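Participant: 3D model of this:
(2 chains)
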2 protein chains.
Amino acid sequence: MKQWNTLADNRRQRMARGLAVTDRIVDPAKIVALLEAVVESGDRVCLEGNNQKQADFLASALCKVNPARVHDLHMLQSVLALPEHLDVFDKGIASKLDFSFSGPQAGQLARLVAAGKINIGAIHTYLELFGRYFIDLTPRVALVAAQAADRDGNLYTGPNTEDTPPIVEATAFKSGIVIAQVNEIVDVLPRIDVPAGWVDFVVQAPTPHYIEPLFTRDPAQISEVQVLMAMMAIKGIYAEYGVERINHGIGFDTAAIELILPTYAESLGLKGKIGRHWALNPHPALIPAIEAGFVESVHSFGSELGMERYIEARSDVFFTGRDGSMRSNRAMCQTAGMYACDMFIGSTLQIDLQGNSSTATLGRISGFGGAPNMGSDARGRRHTSDAWLKAGEQARHGDRIPRGRKLVVQTVETFREHMEPAFVERLDAWQLAEQAKLAIPPVMIYGDDVTHILTEEGIANLLLCRTDEEREQAIRGVAGYTQVGMARDKRMVENLRDRGIVVRAEDLGIDKRMATRDLLAAKNMKDLVRASGGLYTPPKRFRNW
Amino acid sequence: MKQWNTLADNRRQRMARGLAVTDRIVDPAKIVALLEAVVESGDRVCLEGNNQKQADFLASALCKVNPARVHDLHMLQSVLALPEHLDVFDKGIASKLDFSFSGPQAGQLARLVAAGKINIGAIHTYLELFGRYFIDLTPRVALVAAQAADRDGNLYTGPNTEDTPPIVEATAFKSGIVIAQVNEIVDVLPRIDVPAGWVDFVVQAPTPHYIEPLFTRDPAQISEVQVLMAMMAIKGIYAEYGVERINHGIGFDTAAIELILPTYAESLGLKGKIGRHWALNPHPALIPAIEAGFVESVHSFGSELGMERYIEARSDVFFTGRDGSMRSNRAMCQTAGMYACDMFIGSTLQIDLQGNSSTATLGRISGFGGAPNMGSDARGRRHTSDAWLKAGEQARHGDRIPRGRKLVVQTVETFREHMEPAFVERLDAWQLAEQAKLAIPPVMIYGDDVTHILTEEGIANLLLCRTDEEREQAIRGVAGYTQVGMARDKRMVENLRDRGIVVRAEDLGIDKRMATRDLLAAKNMKDLVRASGGLYTPPKRFRNW
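Facilitator: Predicted coordinates:
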């Protein structure tokens, strides 16, 4: 007789073993014993490593289980941010990894892969990893983080909901075990983000979970070149297409754009015409634009430290609960960024002659995060907007059926730090693919999804290119003094310029002498605090005044 | 002084007005008065019309509000299924509509648009509409449906969770009003799907909410032509690419495939090699394949009437809660279908010479549902699989960077009912776009996203076509005796056949005499019930034995 409820039966056994060790509200001293009781060798374990919020206490507890009892775990994780996220492999507790982004651990990850200690399943975008949680990578055990729990086990994630909902849903509804670390256990929660019935064990961590202010950029570090590029972006792309719904990547390039909305964009009469709705974390650099009335709404993947009081006081703009604090949701915000925004703009490390871009560099397996999702043409999109239709019209060859398309902008200075050229003949991703035995090179955004490349030398509009050669010359035409740029066919680039495919600041009527830091609506952290009416309270490391 | 919490202030006023009319647990007799108290003219109102579950009591109540008090509503709705969904426009209560699918109301919708009574914002896929709920179409009021509530207002959706989570989340966290109709109010819910803190008012409807068994197909109606096409699909596509993760559309074509998995596919030794993980509703036609051990997991958009006991008894396969009943989730399943599945296969009404397909016909604005989302190449996907890599390799021209791609299969008989040809020179969608003043023709799946077209005459593999002309002849080459098929260049089609671009049943070694209904693992509804061990209890209309 085939058994059809083996997962549920196995779950009951795990729960019995776990409850023999501790109550549902777990004694923190017994957390390792609990994990040894409920985790089985070979399990798929989803450890909540978000972009910002980290289940750090559970990560460190998992590193302490006896590898003779628990081994060969298959870790599922959005982000590898902490040393413990790799220690668990080094110690022989886990052996396989499916993930999205490794950021600061990218070098160590590459070393452990080379040493044969980690078998990488695949590198994903956030949204596709969440999707697989419901198809072929359903977690057996989920270790998640929340702000607080009540004594029934209801969870309050607070503003950093991030990835928690799909992780818990996929695990709880496939007879898995959900263990949550919380900063505090209270009688009454400000609100319930995850119902108690979806959660098995709750443990109060000895210290609040680690959280990283990833989206804070000090305006003091924005250069005048970045101001110039921001002006070109606004006049040459945002205004040109009338982009109302936007996702901004992280970085100083996009922070510069945010900071000249109330000055430069305002002077062009663009208020109410561009940047009305946003899918992005609550960037402090967006405060002046919000205050100026540029921004109507912001939905967020996660929150940002120090923005709590400002968000609560601006509930017309942000998504907040009845308790006043934000509710973020990476899965829904990635969906919104992909399908409901007309433009993605972000930075990269390398771009090749076809426009493929990559953040992979040798010796570092850094992953993708959310950029490939939002930085791709959402071909399943069917609603129109002026920006989407105009981009589609420019891209259209011959008599093909009309269709819109997403604006995907890559913004880079032609040389990054240490004078490394941003433009290359061949991406490092090719070599990394060989090193890490990946089936294909880890490309962040494919050239045929990119619509514009913006550098300090100008804008290359790839939509208007009609041949591979035009595309290559358009890219060379904005690649400045890099080898790639120097090798341009000057006559062809001038021809592309005549056709509006290569666009210089002067072609846009931008006076480069205007591109100074005076255009920034906030020139430093203190200005941001002042613009917020004192509501924004930056983390200590940014309090440099 | 700019006010920054106008939505929250306005919400408090609405709540005060509402609570002056009735308690949070609403007296059903006061539902119209409640709506008149909390809905304001011009509001964006999300009325939960799912693919299956309908907030029918609230829909009918909304039609009874006084249009002098409440008018110019902007309705947001996944599916327009009921007459009331259009009556609200006819009565002058609502004037604008953003939606995904209109199914049975497509004709009436077209008439009201022509009469100037409905201004269509846009037609969406489900997932993009959910995305816009968090960007520029956030509901002010949501009218949703659940199975039960407790006295605090917690909701139990039961197996038909469907679209409820993102609707409620987008509304509740932007200071909107959430009103839920439920079939019963109980002391203790089997489980909590939506926390009470996200819900404002609960009303017990006089009759349980309407629900449509959309995904039930009686095997008795499957023809031998469909069996032949199913054989070609399995041998020529599923086995050829080794497709393990699949989304099936609705229809007899795909039901036939499901029903020959345990017979034909089994005989080819394909168990464990194809169709292991699925994103689809619990199709009764899948029961024999589940029982045969073909299917390891199923995640669902919604549920299907009559499958409740079977699902509960097969919890290893389906996503179920601790109460035993399923948890569906359209947003996550659409995400999974797009990003975690290697193949989408579905039917259509018309295909043109570029492979564009459409279900739009004159005088009917039917919308898209989920097909364009899952039937598009998910360009943000980065994890690999054999099927995805092989499809990408076949599609690759020249020295482009390697990249996988999704298999998108359109399956049609060359003539549909009333001898209407499935292949046309020009889609009706063009004319409909003019009639309904749409910016672009409503194409269901664009030709450049389609990888295979399957008819009774054979398979056209569009991945391998290298020119527009080859593509056109490949399509003509499977278009049978339609005008489009007759106009083929015979020599070129034979050449495409030599190159494996056009594939006939005999090229696959399929003996057409084997294509009989005997291959169906269940030949009628009774067989399905028997295969389920009596656990499946079909709705009355399907009890034809």
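
Participant: list the buried residues for the lengthiest helix in chain A?
Facilitator: Longest helix in chain A, counting residues (DSSP state H): helix A:6-21. Under the neighbour-count criterion of 16 or more other C-beta atoms under 10 Å in any protein chain shown, helix A:6-21 has A:7-8, A:10-11, A:14-15, A:18, A:21 buried. Any C-beta I mention is one placed from the backbone N, CA and C, and that applies to glycine too.

Participant: for those residues, please prepare a markdown table with the additional fields distance to B:D163 and pLDDT.
Facilitator: Shown next, in a markdown table, are the buried residues of helix A:6-21 (distance: C-beta to C-beta, whole Å; pLDDT from 0 to 100):
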| residue | distance to B:D163 | pLDDT |
| --- | --- | --- |
| A:L7 | 27 | 98 |
| A:A8 | 27 | 98 |
| A:N10 | 32 | 98 |
| A:R11 | 28 | 98 |
| A:R14 | 33 | 98 |
| A:M15 | 32 | 98 |
| A:G18 | 35 | 98 |
| A:V21 | 40 | 97 |
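
Participant: quick revisit: quick one: mean pLDDT for the next helix-or-strand element following the longest helix of chain A?
Facilitator: Remark: after helix A:6-21, the chain's next helix or strand is strand A:25-26, criterion DSSP states H and E. For strand A:25-26, mean pLDDT rounds to 98.

Participant: cool, and stretch A:49-61?
Facilitator: Mean predicted confidence for stretch A:49-61 is 95.

Participant: could you do stretch A:468-475 as well?
Facilitator: On average, stretch A:468-475 scores 97.

Participant: may I see the buried residues of it?
Facilitator: Neighbour counts using 16+ other C-beta under 10 Å place A:470-475 of stretch A:468-475 among the buried residues.

Participant: over to stretch A:199-210?
Facilitator: The neighbour-count check on stretch A:199-210 (16+ other C-beta under 10 Å) flags A:199-205, A:209-210 as buried.

Participant: burial check on A:K96, number of neighbours?
Facilitator: 16 (other C-beta atoms under 10 Å in any protein chain shown).

Participant: can I take it that it is in a helix?
Facilitator: No. Applying DSSP: H, G, I helix; E, B strand; the rest coil, one finds A:K96 to be strand, outside a helix.

Participant: excluding its backbone neighbours, what's nearest it?
Facilitator: Nearest residue to A:K96 in three dimensions, chain neighbours excluded: A:H74, at 4.2 Å (C-beta to C-beta, 6 or more residues apart in numbering or on different chains).

Participant: is it fair to say the one you found lies in a helix?
Facilitator: No. A:H74: not assigned to a helix; according to three-state DSSP it is strand.

Participant: so it is in contact with A:F89, correct?
Facilitator: No. Using C-beta atoms under 8 Å, A:H74 makes no contact with A:F89, being 11.0 Å away.

Participant: which neighbours do the two have in common?
Facilitator: A:95, A:97 (C-beta atoms under 8 Å, 6 or more residues apart in numbering or on different chains).

Participant: show me what contacts the residue nearest to A:K96?
Facilitator: A:42-45, A:94-98, A:121.

Participant: pull up the distance across stretch A:38-48, start to finish.
Facilitator: 17 Å (C-alpha to C-alpha, to the nearest Å).

Participant: do stretch A:246-262 as well
Facilitator: 16 Å.

Participant: let me see the domain layout of chain A.
Facilitator: What automatic domain parsing lists as the domains of chain A is A:23-204, A:214-341+A:511-535, A:343-503.

Participant: could you tell me the end-to-end distance of the longest one?
Facilitator: Across domain A:23-204, the terminal residues are separated by 12 Å (C-alpha to C-alpha).

Participant: nearest spatial neighbour of A:D253, chain-adjacent residues omitted?
Facilitator: Counting by C-beta to C-beta, 6+ apart, the residue nearest A:D253 is A:T411, at 4.6 Å.

Participant: can you pull the contacts of the one you found?
Facilitator: If you count contacts by C-beta under 8 Å, 6+ apart, A:T411 has them with A:229, A:233, A:253-254, A:345-347, A:453-455.

Participant: who does it form a beta bridge with?
Facilitator: Note on A:T411: beta-bridge partners by DSSP bridges are A:L454.

Participant: from chain B, how far out is it?
Facilitator: 19 Å (C-beta to the nearest C-beta, to the nearest Å).

Participant: same check, this time on A:R405
Facilitator: A:R405 is 11 Å from chain B, by C-beta to the nearest C-beta.

Participant: can you check A:V188 too?
Facilitator: Going from A:V188 to chain B by C-beta to the nearest C-beta gives 11 Å.

Participant: Three-state assignment for that residue, please.
Facilitator: Per three-state DSSP, A:V188 ends up coil.

Participant: against B:G272, how distant is it?
Facilitator: The gap separating A:V188 from B:G272 is 50 Å, by C-beta to C-beta, to the nearest Å.

Participant: in the stretch 151-300 of chain A, which spans are strands?
Facilitator: For the stretch 151-300 of chain A, the strands defined by DSSP state E, counting those that start in this stretch cover A:155-156, A:177-186, A:201-204, A:245-248, A:277-279, A:297-299.

Participant: what sits up against the shortest one?
Facilitator: The set of residues external to strand A:155-156 that reach it, using C-beta under 8 Å, 6+ apart, is A:146-150, A:164, A:180, A:182, A:189-194, A:196, A:199, A:202.

Participant: so, low pLDDT: which residues of the stretch 251-400 of chain A?
Facilitator: For the stretch 251-400 of chain A, applying pLDDT under 70 flags the ranges A:399.

Participant: sorry, back to before: just the buried ones from the contacts of A:H74?
Facilitator: A:43-45, A:94-98, A:121.

Participant: hang on, the earlier thing: just put the buried residues of stretch A:199-210 in a markdown table and tack on distance to B:E312.
Facilitator: Shown next, in a markdown table, are those (distance: C-beta to C-beta, whole Å):
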| residue | distance to B:E312 |
| --- | --- |
| A:V199 | 22 |
| A:D200 | 20 |
| A:F201 | 25 |
| A:V202 | 28 |
| A:V203 | 31 |
| A:Q204 | 35 |
| A:A205 | 36 |
| A:H209 | 36 |
| A:Y210 | 40 |
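
Participant: now these in a markdown table, with distance to A:G398 and pLDDT?
Facilitator: Shown next, in a markdown table, are these (distance: C-beta to C-beta, whole Å; pLDDT from 0 to 100):
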| residue | distance to A:G398 | pLDDT |
| --- | --- | --- |
| A:V199 | 56 | 98 |
| A:D200 | 58 | 98 |
| A:F201 | 61 | 98 |
| A:V202 | 61 | 98 |
| A:V203 | 62 | 98 |
| A:Q204 | 64 | 98 |
| A:A205 | 61 | 98 |
| A:H209 | 55 | 93 |
| A:Y210 | 54 | 90 |
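
Participant: quick one: which of those is nearest A:H397?
Facilitator: Distance to A:H397 across those (C-beta to C-beta) is lowest for A:Y210, with 50.0 Å.

Participant: show the contacting residues for that closest one.
Facilitator: A:Y210 neighbours (C-beta under 8 Å, 6+ apart): A:53-54, A:56, A:81-82.
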